[in-house]
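[1] predicted model and sequence follow; I will ask about them next.
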Amino acid sequence: MQKDTQITGRSGRYWHPLDNGRLQCDLCPRFCRLRDGQRGLCFVRGRSGDEIVLTTYGRSSGFCVDPIEKKPLNHFLPGTPVLSFGTAGCNLACKFCQNWDISKSREFDRLQSAATPETICVMALDSASRSVAYTYNDPVIFLEYAVDVAEACRKQGLANVAVTAGYMTEAPREEFFRSMDAANVDLKAFTDRFYWKICGGHLDPVLETLVYLKQETDVWLELTTLLIPGENDSQGELEAMTQWIHEHLGPDVPLHFTAFHPDWKMQDTPSTPRSTLTKARETAISAGLKYVYTGNVHDPAGSSTYCPGCGALAVGRDWYELGDWNLDVKGSAAACHNCGTSIAGVFDPEPGSWGSSRLPIPTH
């Protein structure tokens with residue numbers, strides 16, 4: 001925990017005083033116990049006097065319009081643009097973090113864009129985005145800001161997308177996801193050893209978040225697992241993970257296996273071979289999962305959606321570009337044009353046409 005006697009910020013929720021004079025942050029399972037002037041491991045929540053404050057409220061590391069498939073979400077408004085933003089800090093310490101300059105930032109010079117919730121909503125509308133994504137760093141740690149932005153966006157008909165590791169406790173979990181319409185949760189591995197050794201956390205709270213999302217909410221859920229050679233890619237672990245997903249979350253939850261590239265504190269670990277992703281996908285399909293994808297590699301077959309009934313190509317993808325669209329959509333529900341089998345997800349009658357463009361949004 002960091003010492004900083006000049007902490008300022010917006011009043012935070014989810015904390016309580018301890019008998020020893022410290023304040024305990026209850027947002028995530030770290031339960032940081034803070035003296036005045038101390039910050040938690042996430043660095044952005046700290047104690048100021050007799051309360052815990054969020055120091056990054058209204059301050060972002062930048063804004064960009066992305067394809068929704070980049071989150072990745074393949075079954076939520078395919079082909080549409082999403083306004084993406086994040087802040088700084090993180091409540092995990094993943095050694096492979098590919099956004100480490102943002103999530104591990106200890107200096108606020110990264111936060112150069114100031115925006116109220118209403119301003120972000122206007123940015124999304126002006127860019128013709130269908131949704132707003134809370135991403136780049138984990139939105140759990142800027143919960144108060146994310147919830148306020150989400151409420152402003154919902155009033156204007158915009159959807160809200162959380163890209164998160166799901167490392168949080170029960171009460172904030174309920175508040176946070178009440179504001180979200182879709183989520184991609186990063187299931188980093190299926191062993192507590194990996195979570196502790198590589199990420200400085202634990203597996204069980206993430207599994208609790210996943211079960212909560214699937215069983216207690218209407219949030220559209222997809223999962224991502226970054227496969228790291230020698231760390232979380234064994235056949236036994238993949239079988240256990242995909243079987244757990246099938247049993248506890250059901251066969252309709254899409255799962256994305258993505259390729260690792262050396263970064264931050266894991267520069268000496270080799271990149272993930274495409275064959276590893278292909279085998280993992282086959283394992284998940286064998287476990288009964290209907291929608292399994294590969295990512296961070298060029299694999300049109302592994303990126304496309306197939307009907308679980310007849311096997312026909314339902315949505316073709318090449319990177320983030322949509323191709324074939326063989327869906328019949330009524331409301332937001334889709335079915336295979338070939339055989340009528342339901343395709344799980346939230347769909348528009350016609351595919352979006354945003355493509356693979358990435359459009360940074362300048363702010364002042």
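    Perfect, thanks for sending it.

[2] my guess is Tyr320 meets Arg358, correct?
    No - look at Tyr320 against Arg358 with Cβ atoms under 8 Å: they stay out of range, at 9.1 Å. Placement of C-beta: from N, CA and C, glycine included.

[3] intersection of neighbour lists for these two?
    Common contact partners of Tyr320 and Arg358 (Cβ atoms under 8 Å, 6 or more residues apart in numbering): Pro67, Lys70.

[4] between these two, which one's more packed in?
    The neighbour count for Tyr320 versus Arg358, taken as other Cβ atoms under 10 Å, is higher for Tyr320 (18 against 12).

[5] tell me how far that one lies from Leu73.
    According to Cβ to Cβ, to the nearest Å, Tyr320 and Leu73 sit 11 Å apart.

[6] please apply the same query to Glu208.
    Separation of Glu208 from Leu73 (Cβ to Cβ) stands at 22 Å.

[7] which of these two has more neighbours?
    Legend: neighbour count by other Cβ under 10 Å for Glu208 and Leu73, higher for Leu73 (28 against 16).

[8] tell me, how many neighbours does Trp325 end up with?
    Residues near Trp325, counting by other Cβ under 10 Å: 18.

[9] quick one, what contacts it?
    Applying Cβ under 8 Å, 6+ apart, the residues near Trp325 are Val315, Gly316, Glu350, Pro351.

[10] now Leu83
    Applying Cβ under 8 Å, 6+ apart, the residues contacting Leu83 are Phe63, Cys64, Val65, Ile120, Met123, Ala124, Ser127, Ser129, Ser131, Val132, Ala133, Ile361.

[11] tell me which of those residues fall in strands.
    Phe63, Cys64, Val65, Ser131, Val132, Ala133, Ile361 (DSSP state E).

[12] is it true that the fifth one touches Asp148?
    What it means is Val132. No - with contact defined as Cβ under 8 Å, Val132 and Asp148 do not form a contacting pair (11.9 Å).

[13] more neighbours: which of the two?
    A direct count of neighbours by other Cβ under 10 Å for Val132 and Asp148 places Val132 higher, at 27 against 19.

[14] first-to-last residue distance for stretch 241-258?
    Taking Cα to Cα, to the nearest Å, stretch 241-258 runs 15 Å from one end to the other.

[15] buried ones in it?
    Buried residues in stretch 241-258, counted by 16 or more other Cβ atoms under 10 Å: 241-243, 245-246, 249, 252-258.

[16] residue nearest the centroid of this protein?
    With distances taken as Cα atoms, centre = their mean, Val163 lies nearest the centre of the chain, 1.7 Å away.

[17] quick one: it and Asn137 touch, right?
    No - using Cβ under 8 Å, Val163 is not in contact with Asn137; the gap is 9.4 Å.

[18] assign the closest residue in space to Asp66 that isn't next to it in sequence to helix, strand or coil.
    Spatially, and ignoring its direct neighbours in sequence, Asp66 is nearest to Ser84 (5.0 Å; Cβ to Cβ, 6 or more residues apart in numbering). The three-state label given to Ser84 by DSSP: H, G, I helix; E, B strand; the rest coil is strand.

[19] what about the stretch 201-350 of the chain, any weak spots by pLDDT?
    Scanning the stretch 201-350 of the chain with the threshold set as pLDDT under 70 gives 264-265.

[20] the strands in it, which residues?
    Shown for the stretch 201-350 of the chain, the strands assigned by DSSP state E, counting those that start in this stretch span residues 220-227, 255-259, 292-295, 305-306, 313-318, 321-325, 327-330, 333-336, 342-343.

[21] will you turn those into TSV that also has distance to Phe31?
    Shown next, in TSV, are the strands of the stretch 201-350 of the chain (distance: least, Cβ to Cβ, whole Å):
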stretch	distance to Phe31
strand 220-227	26
strand 255-259	30
strand 292-295	33
strand 305-306	40
strand 313-318	41
strand 321-325	44
strand 327-330	45
strand 333-336	41
strand 342-343	41
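
[22] and those: which comes nearest Ile198?
    The minimum distance between Ile198 and the strands of the stretch 201-350 of the chain falls on strand 220-227, with 10.5 Å, by Cβ to Cβ.

[23] the closest one: partners in the sheet, and parallel or antiparallel?
    Paired with strand 220-227 in the same sheet, following DSSP bridges, are strand 182-186 (parallel), strand 255-259 (parallel).

[24] looking at the ones you listed, which is nearest to Asp324?
    The closest of those to Asp324 is strand 255-259. By Cβ to Cβ, the value is 19.6 Å.

[25] show me the contact partners of that closest one.
    The contact list for strand 255-259, computed with Cβ under 8 Å, 6+ apart, reads 72, 74, 184, 222-227, 242, 245, 271-272, 274, 276-277, 280-281, 284, 289, 291-297.

[26] picking that back up, kindly reformat the strands paired with strand 220-227 as CSV containing distance to Met266.
    Formatted as CSV, those follow (distance: least, Cβ to Cβ, whole Å):
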stretch, distance to Met266
strand 182-186, 16
strand 255-259, 13
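
[27] all set, thanks.
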